[in-house]
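S.K.: sequence and predicted structure, then a few things I'm wondering about:
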Amino acid sequence: MQKNLLKVLQTFLIVLAILMQSIAQNNTVIGNVSSVAGEIIPGVSIQIKGTNLGTVTDAKGFYKISVDGEKTILVVSSTGFTSQTIIVGNRSKIDVVLEEDTKTLDEVIVTALGIKREEKSLGFAAQTINAHAVVDAKSNNWVNTLSGKVAGLNIQGVGGGPMGSSRITLRGESSLNLENNQALIVVDGVPISSKITGTGYTSHLSADSPVDYGSTVSDLNPDDIENVTVLKGPGATALYGSRAAGGALVITTKTGARKDRGIGVTFNSNISVEQVNRYPDYQFEYGEGRTNTYYSYLNSADGLNTSTTAGAGRAWGPKFNGQNYFQYNPNSPDGKATERTPWVPYNNYISGFFQTGRTVSNSISLEGGTDKGSARFSFTHMKNEWIIPNTGFERINAALSVNQQLSSRLKIIGKANYTNKQSDNLPAAGYNNQSLMYFLMIGTAPNINPAWFNPYWQSGLEGVQQRSPFNPGPDNPYLGMNEMLNKMNKHGLIGNISANYQISDKFDIMIRSGLDMSFEYRSQQRPFSMTKYPRGMFREQNVFSYESNTDFLLNYKDKIKDKITVKASVGGNAMSQTYDFAGLYADQLAQPGIYQISNSLDQAVADPLKTRKAINSVYATTQFAFDEMIFLDFTGRNDWSSTLPFVNNSFFYPSVSSSFLLNELFKVPESISFAKVRASWAQVGNDTRPYQTVRYYDRIYSNSFTNPSTLFNANLKPEITSSYEFGLDLRLFKNRIGLDVAFYNNDSRNQILAIPLDPTSGFSNALINAGLINSKGVEVKLTGKIVNNSDFKWNSTAIWSQNRSYVRELAEGITNQTIYSHSGNVTIEARVGGLMGDMYGRGFQRSPDGQIIYSSTGLPAQLDPTVKKWGNAFADWKASWSNEFTYQGLKLSVLLDGQMGGSMYSQTNHKNNTLGKTQVTLPGREGGIIGDGVVLQPDGAYKPNTVKVAASAYYDNYYQISNAEVNIFDASFLKIREVRFEFSLPQSLLSRIGVRQTSVAVFGRDLFNFTKFPGFDPEGGNLNNGTLTPGVELAQFPSVRSMGVNLTFKF
Amino acid sequence: MKNKFTYIIAILVMWSLITSCTKNFEDINIDPNRPEKVNPGVILGQMQYRIINNSVTAARGFTHELMQVDAPRASTSGLGLHRYFVNPGAGVWNSFYQNLTDAEDIYTIADRLKENNYKAIALVYKCWAYSILTDLYGDVPYSQAIKATEGNFKPSFDKQKDIYTQILKDLETANGLFDDTKILPYGGDLVYNTSVLTGDKNVGIQRWKKFTNSLRLRLLLRLSKKEGELKIKDQITAILADVVKYPTFATNADDAIFRYPGTFPYFNPYYNARTLDWREGTYFTEFFLNPMNTSADPRRAIWAIPVMVAGVSTFRGIQSGYPTTLEYVVGQNSSYTDALKTLPQLGVMMTLAEVEFIKAELSLKGYITGKTPKAHYEAGITASMIQWGAVMPATFLTQKSIAYDATVDAEKQFEQIMLQKYYAYFFVDYQAWFEKRRTGYPVLPRGTGIPTENKFPSRVPYPTYLQSLNPEGLASATVSIGGDNSDTKVWWEK
């Protein structure tokens, strides 16, 4: 690894040295570019043919370019205009008039390996999102701002904390291993890691809690993003190889624009506040207790508390009628009251633990250049204080992008993005003692004032013994927030250097080396007297992650005959990954309050984990363009992966794609401005994790070894996904209306599965190649310029997508594979014939006519032991509608985003209902409840249930944790995802103070959440170690509404 | 100028080509975290720790409820072991076979290294674990088990008789393999101190030998009804007759107990248990506590927390097998003490106390043990007291409810022995249940909430996942034992 690093550094130095040289040039040509109508056109590209030398026109349509001699040919081109080729001759001033081109919209799309292509020539679906999409209404994790903007893209959050980590999937779930389904993230042509290093704990009552520390992807600075191209299927990503089987997000970062002479300075400031955007329907009518006859804090003259220890947190107590009880007295040492006080609810008993969050982000960028090169530098500082007190993070991003034409043939580009992210405390997530959300369910009740939990240490025992005035089960929430800290400090560097050499008119070669490197320090500290850590705990981890990618790409282009253009490329890639995790654990402390490994009571324990992986590849691609009407692409790639057995480690996969411009090929009605059909077929192979092919012993308890539970496989083969796709791109009425439709079908075979074994064989799982998942789907995008006057414009985009991932085959003899299990209460299972994401669990026993069977006691009978399917973790379809209204300098944009179908198991709802915290538990509080159902009689007949039971017993039984039927809910939702109102200050005012351009905007994100889901947010999931699991919410944090102001000044 | 750039590019291309080499891929895919080869010492300790955790957890989670040591605070579902509902696969099936994979490796590696002491220890663990497995389920995979690395994913099941025949042979073999003149060169033993020689003898190895023969006595006694098939009496007599060749536990220090060091990572499995779950999920039963209250048994305060009843500190138990409508109020009945969560000696495999009760029974049945049943009975109680760190009052053994009554008929004497054996089995895997199945003692009261059709269980049904993972093996075993349900009696009980 260090060798590689050295190589990259060496190369970087060489390139820098070259950069220093200035290169002399001879003649200069100047001129203006305008349209036929006489309007000046800024941003027109003036390119010297056969080189990649060039410039662009400035805001006044003026250009200046150095040329080699009279035979130099200039290519003048601009989007929406027909290109022109001009021989310089002896002229020193050349004015150009461009004709508008209404037929084609040659949007340039960055495809795999950074190859730029005209959109019309693509045989697969790709969508580009511009910079505005990620900065207009910012989120803590910029990825979440893509939600609702791309058909087929699914951003799945987990409600795990301020980092807002989310799963990014395209076109559904094609692999049984959920981690394999995430899209590949590529920055400036180089893949980066989307791995999340977790804490090692799952979300449900494990020894410690998961913490969302974010990932490299979430650390990118949205202010540095120029655009994001989403390559959805294998057709688009076949050239990226194994890791892009789930699609790719290709991010291009900003470079210095050369259109403005001199230095351009942009200042951007973003201030937003965040608040909880939705609460479950809590009830504030009844207080704590197991019976509603009386209340007593501990034991009083009225009697014993009916809700101590195991029963605490239950709100089945008396109704708040202002009557007097012996309640908690914060001023008394033991909390006991000497007098009765009025029985009243504290309506803030949940919300009082949250605060208004605050995020401030300031960014400055400098850019400038000449016709030989340009550079951009930016610096951004962001600070977030989250909705839970004493949590949040701070981030610094610095980015440098330089490109320099070293000669008429050689151009070099260098990019570097540095990130420092640090946090003094990130909240513990999940259903577990130390998490706030767990406390809010079982630690408190409507008659309890949040302030009563402060101070959190017992008087005289500060730092040693926490105070638990109520339920001693969950830890005091203020202790959690202030003493149970999860810290991190991460330094990340993403960068690449590339050189492009124009060998001749027909050949050029590109060499690029990129790296994604990060170093992160983390610690978790737990004070004395925490339930799970009676003697406290301190753990720290150093996580080093490194990936380098080196590519070369030789490009050839030529015309065979007059009308056939050929472009061909051959390339190679060497990828190398290193991950080095070093944990040190002191799980009991010698002295309280000292969080150092040296303060370990026992010998501290080391937990190292190192992995290495390498993939080498060669690839080739050829494109034929027939008269710019028919395009045919062939690609092939061969990977060699270090993770597969040596004999099986080479795998080849091809792709074919085609694009037909119907409007060029046939005579079409005038109203059709553009019509394209596309078709593609592709295969992508995939490897596996390292070290699966030989028998190893697992390290356990720091210095001992045991057999792993999963049996190795010395004969693993690569997974193969094959896919085909059809699409139609139609634009009508001079591009006023656009329709893009895609249909796709993916088959993922030979999946590397850990199948369950009879444990008597010695292992619980065995790795094998098996299975077939078939994903089918439709994506539709409809755009319209509904009003297009010079003053007022209304642009509208609607997106709709649907995906079904069918489980066709599993391993021989196996009909179901558990993907995730919430302690057996609900499982996400792949069953042959079912869909990916199907959720199984138990439900009520029902009579032949479908009624719930009750036992003779009046409570529902034992749950049906046979598990049934109650939902699917993924949506039936997703849709969004965005609108942008422009009136002179004012712009209003609104994005609505939603999904239909999809289900989620809600642990929050289960617990709140069984404890009487929600409004659904109000009926029957006075006088009991007769459950609606039947009772099985000894003679086999069913008679209606007539037994009345107490509400507490009824709801406790009805919503029990293992009843998946009542705890799985429809997760359909409609969100007002983004609203932004922007206005520009008058130019006359600005020019006086030297400001060239400005915008001031107010925005809101996730403003409203319309859903019947009873938890906080139907877009949830849970965090298990480093895996984000959809479909099951385990004490999720609330989702936040953010509202803010965004100011941009350009000088 | 042009040449210079061509030169640079050539260098870059070459560099790229060099790094594209795949010949080092086999090296890259060698795991730097995990070894391919291990010595028996580094597997042994963790295996001992994990297997004892599994058995201790089974004792509290299964045996204590079924044998009315404790009962759940609330049990509205109508099910529960205390109502004689046994979930298929409940028990140590999954965990024990996983631990046995390591035990097999210890044996194989030690065989290669010619380390007989490790081989013998591995055999003892195999015998101990398989005896529990077969007593739980009946026929289980044995001779073909743990062979996934050889491609056998669906092991066939062996008959209990064949398993026991081999276990008894293996224990005899282990007894012969132990060499008390050597230390364990690779260490790892967390049960006995086998890493030093005292004089020129390894006391730890001598204790392993005592455990081997004590375990053989336990199992021979369990097979009493199979005299005709396996010549049990001769084997017991042979052990009792030659204490030099077949030593058994003689002092409390010999006890086969995994003593939790209480330092990371070898904590008592309940070290982190939440008070909520540890104390308020279950309470001791009246059946268990009341006789101890009568005799003022000093182990009572070590095991149970007193509660205040009308201002008096009392050890109060609840009923077992109660109706669904009953739910005990929190904090009003005795539950497990917090001290047990960190108590080192919770990891019991087999003790002197049990051996004394075994000998009491043998003596009562006419075997020559060297002492009277009464002497063994009293030694058994005394050993249990010492084992749990209780101080036994001088009058304890002579008080009416405890004093051994040799005047009543043999069956009554036997019942008295078995009741004290039951107390000595606190936290010892499933032994109290196995012995109840063998002897019928102690006689447990039947709660009114137990459905009339439910019989006291005789075995645990096989795990349901075998239906898909090993259907052929499951089907033949079901036929062989005579039905896969909790009423079927295993071979030795018939």
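M.R.: Arrived safely, thanks for sending.
S.K.: where in the stretch 51-200 of chain B is pLDDT low?
M.R.: By pLDDT under 70, the low-scoring segments of the stretch 51-200 of chain B are B:76-77.
S.K.: which parts of it are strands?
M.R.: B:70-72, B:140-141, B:157-158 (DSSP state E, counting those that start in this stretch).
S.K.: partner strands of the second one and their direction?
M.R.: Paired with strand B:140-141 in the same sheet, following DSSP bridges, are strand B:157-158 (antiparallel).
S.K.: residue ranges of the strands in the stretch 301-450 of chain B, please?
M.R.: Taking DSSP E, counting those that start in this stretch as the criterion, the stretch 301-450 of chain B contains strands spanning B:307-309, B:312-314, B:347-350.
S.K.: most tightly surrounded among the strands of the stretch 51-200 of chain B?
M.R.: The highest mean neighbour count among the strands of the stretch 51-200 of chain B, using mean count of other Cβ atoms under 10 Å in any protein chain shown, belongs to strand B:140-141: a mean of 26. In this view, the C-beta of every residue, glycine as well, is placed from N, C-alpha and C.
S.K.: what's next to it, contact-wise?
M.R.: The contact list for strand B:140-141, computed with Cβ atoms under 8 Å, 6 or more residues apart in numbering or on different chains, reads A:758, A:760, B:97, B:130, B:133-134, B:155-158, B:160, B:163, B:473, B:477.
S.K.: how about the residues you listed in TSV, adding distance to residue B:444?
M.R.: Converted to TSV, the contacts of strand B:140-141 look like this (distance: Cβ to Cβ, whole Å):
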residue	distance to residue B:444
A:758	34
A:760	32
B:97	30
B:130	27
B:133	24
B:134	24
B:155	35
B:156	36
B:157	30
B:158	31
B:160	25
B:163	28
B:473	34
B:477	29
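S.K.: determine the longest strand present in chain A.
M.R.: Taking residue count as the measure and DSSP state E as the definition, the longest strand of chain A comes out as strand A:533-559.
S.K.: what helices or strands is it leaning on?
M.R.: Under the contact definition 3 or more Cβ pairs under 8 Å, 6 or more residues apart in numbering or on different chains; DSSP states H and E, strand A:533-559 sits against helix A:2-20, strand A:190-192, strand A:507-530, strand A:564-586, helix B:2-19.
S.K.: what lines up beside the third one in the sheet?
M.R.: Just to be clear, that refers to strand A:507-530. Paired neighbours of strand A:507-530 in the sheet (DSSP bridges): strand A:486-502 (antiparallel), strand A:533-559 (antiparallel).
S.K.: of all the ones you listed, which one is nearest residue B:463?
M.R.: In terms of Cβ to Cβ, the element of these nearest to residue B:463 is strand A:533-559, at 34.3 Å.
S.K.: and that closest one, what's buried?
M.R.: Residues of strand A:533-559 classed as buried under the neighbour-count rule (16 or more other Cβ atoms under 10 Å in any protein chain shown) are A:533-541, A:543, A:545-556.
S.K.: now do stretch B:276-293
M.R.: B:276, B:278-289, B:291-292.
S.K.: of the residues you listed, which are in range of chain A?
M.R.: When Cβ under 8 Å from any Cβ of the partner chain is taken as the criterion, the members of the buried residues of stretch B:276-293 that contact chain A are B:276, B:279, B:280, B:281.
S.K.: and the second one, how far from residue A:306?
M.R.: Counting by Cβ to Cβ, to the nearest Å, the gap between residue B:279 and residue A:306 amounts to 18 Å.
S.K.: which other residues reach stretch A:749-758?
M.R.: Contacts for stretch A:749-758 (Cβ under 8 Å, 6+ apart): A:175-177, A:688, A:692, A:710-711, A:716-722, A:763-773, A:810-811, A:814, A:817, B:141, B:148, B:153-155, B:465-466, B:469-470, B:473.
S.K.: just the residues you listed: which are in helices?
M.R.: Where those overlap with helices, as defined by DSSP state H, the overlap consists of B:466, B:469, B:473.
S.K.: looking at the residues you listed, state which has the most neighbours.
M.R.: The member of those that has the most neighbours, counting by other Cβ atoms under 10 Å in any protein chain shown, is residue B:466 with 25 neighbours.
S.K.: correct me if wrong: it contacts residue B:473.
M.R.: Yes. In terms of Cβ atoms under 8 Å, residue B:466 counts as a neighbour of residue B:473; the distance is 7.0 Å.
S.K.: phi first, then psi, for the nearest residue to residue A:158 once chain neighbours are set aside.
M.R.: Nearest-residue entry for residue A:158: residue A:1021, 4.1 Å, with adjacent residues in sequence omitted and distances by Cβ to Cβ, 6 or more residues apart in numbering or on different chains. Note on residue A:1021: backbone dihedrals following degrees, to the nearest 10 are phi 170, psi -160.
S.K.: ok, residue A:1021 touching residue A:155?
M.R.: No. At 11.2 Å, residue A:1021 and residue A:155 do not qualify as touching, with contact defined as Cβ under 8 Å.
S.K.: who has more neighbours, the two?
M.R.: residue A:1021 (27 against 21).
S.K.: before we move on, back to that, show me which pair in the buried residues of stretch B:276-293 is furthest apart.
M.R.: For those, the farthest-apart pair by Cβ to Cβ is B:276 and B:291; their separation is 29.0 Å.
S.K.: residues from the stretch 351-494 of chain B in reach of chain A?
M.R.: Taking Cβ under 8 Å from any Cβ as the measure of proximity, the stretch 351-494 of chain B contacts chain A at B:465, B:466, B:468, B:469, B:470, B:473.
S.K.: any weak-confidence spans in the stretch 301-450 of chain B?
M.R.: Of all residues in the stretch 301-450 of chain B, none has pLDDT under 70.
S.K.: mind redoing it with 80?
M.R.: B:324-325, B:327, B:329-331 (pLDDT under 80).
S.K.: which parts of it are helices?
M.R.: Secondary structure of the stretch 301-450 of chain B by DSSP state H, counting those that start in this stretch: the helices cover B:352-364, B:373-388, B:410-424, B:431-439.
S.K.: only alpha carbons, please: show the second one as CSV.
M.R.: Right, the one you point to is helix B:373-388. Included here for helix B:373-388 are C-alpha records, laid out as CSV according to Å, rounded to 0.1, in the frame of the first residue of the first chain:
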residue,chain,number,x,y,z
PRO,B,373,-25.6,-43.6,52.1
LYS,B,374,-26.0,-41.2,55.0
ALA,B,375,-22.3,-40.4,55.0
HIS,B,376,-22.4,-39.7,51.2
TYR,B,377,-25.6,-37.7,51.6
GLU,B,378,-24.1,-35.5,54.2
ALA,B,379,-20.8,-35.2,52.3
GLY,B,380,-22.9,-34.1,49.3
ILE,B,381,-24.7,-31.4,51.1
THR,B,382,-21.5,-30.2,52.7
ALA,B,383,-19.7,-30.1,49.4
SER,B,384,-22.5,-28.1,47.8
MET,B,385,-22.3,-25.6,50.7
ILE,B,386,-18.6,-25.1,50.2
GLN,B,387,-19.0,-25.0,46.5
TRP,B,388,-21.3,-22.0,46.7
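S.K.: show me what it packs onto, helices and strands only.
M.R.: Helices and strands touching helix B:373-388, as assessed by 3+ Cβ pairs under 8 Å, 6+ apart, comprise helix B:352-364, helix B:410-424.
S.K.: could you check how far residue A:842 is from residue A:413?
M.R.: Using Cβ to Cβ, one obtains 59 Å as the distance from residue A:842 to residue A:413.
S.K.: and what of residue B:173?
M.R.: Residue B:173 sits 73 Å away from residue A:413, going by Cβ to Cβ.
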